[in-house]
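**Q** Please find the sequence and the predicted model below.
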Amino acid sequence: MTGHPVFGVTGWKNAGKTTLVERLVAEFVRRGWRIATIKHAHHDVDIDQRGTDSWRHRAAGAAEVAVVGGLRYAIMRETAEPTLQEVLGRLQPCDLVIIEGYKREPHLKIEVRADHTKPMAPADPNIVAIAADSQPSDGTGLPWFRRDDIAAIADFIAGRISDQ
């Protein structure tokens, strides 16, 4: 993929993906890791607010607008959706990129499941573990973690990316 170690979190809507990503980020940061995240949305994303100066710049036709503040900046670009590779290529060096979504991309993933839901992609060889509140009975043989066992999930991810 890129020079960044990458691990994904996937699952059906409302399965707890964002909560798991948030908790994993906090756990890895607590361990001293530098973490980046990528969230894939299936709808138009707008980080800008109607009526702000930067929104007005875009509404006037600017193809790219940078908003710069004291502690962060964002660049908004009017373009077709970039590939995951293009987004990864723009990230600063880090210890791990956690990706939420991009379920069809070929990176290692943990599938988050609400109880009693069927697997999202039972034949996907890139799904290497399952996070659910109870042990799945679908016979995949994949490692299973309780969704709240963040330290064990983080240990698993750390072990898998060290093999990459």
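**A** Sure thing, it's come through.

**Q** What segments of the chain are strands?
**A** 6-11, 35-39, 64-68, 73-77, 96-100, 109-112, 127-131, 144-145 (DSSP state E).

**Q** And the average pLDDT for the shortest one is what?
**A** Right, strand 144-145. For strand 144-145, mean pLDDT rounds to 96.

**Q** for the fifth one, same thing?
**A** Mean pLDDT, computed over strand 96-100, is 97.

**Q** Show me which positions of that strand end up buried.
**A** 96-100 (16 or more other C-beta atoms under 10 Å). For the C-beta atoms, the positions are set from N, CA and C on the backbone; glycine is no exception.

**Q** Check the fourth one too.
**A** Buried positions in strand 73-77, judged by neighbour count with 16+ other C-beta under 10 Å: Met76.

**Q** And for the first one?
**A** By neighbour count with 16+ other C-beta under 10 Å, strand 6-11 contains the buried residues 6-11.

**Q** Please list the outside residues in contact with the helix or strand of the chain with the lowest mean pLDDT.
**A** Within the chain, no helix or strand scores below strand 73-77, which has a mean of 87 by mean pLDDT, DSSP states H and E. Contact with strand 73-77 is made by 47-48, 54, 58, 63-67, as judged by C-beta atoms under 8 Å, 6 or more residues apart in numbering.

**Q** need these in JSON lines with distance to Met76, pLDDT and neighbour count, can you?
**A** Shown next, in JSON lines, are the contacts of strand 73-77 (distance: C-beta to C-beta, whole Å; pLDDT from 0 to 100; neighbours: other C-beta atoms under 10 Å):
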{"residue": "Ile47", "distance to Met76": "7", "pLDDT": "78", "neighbour count": "9"}
{"residue": "Asp48", "distance to Met76": "6", "pLDDT": "81", "neighbour count": "18"}
{"residue": "Ser54", "distance to Met76": "7", "pLDDT": "90", "neighbour count": "17"}
{"residue": "Arg58", "distance to Met76": "6", "pLDDT": "90", "neighbour count": "17"}
{"residue": "Ala63", "distance to Met76": "10", "pLDDT": "91", "neighbour count": "9"}
{"residue": "Glu64", "distance to Met76": "7", "pLDDT": "92", "neighbour count": "11"}
{"residue": "Val65", "distance to Met76": "5", "pLDDT": "92", "neighbour count": "18"}
{"residue": "Ala66", "distance to Met76": "8", "pLDDT": "91", "neighbour count": "12"}
{"residue": "Val67", "distance to Met76": "7", "pLDDT": "91", "neighbour count": "16"}
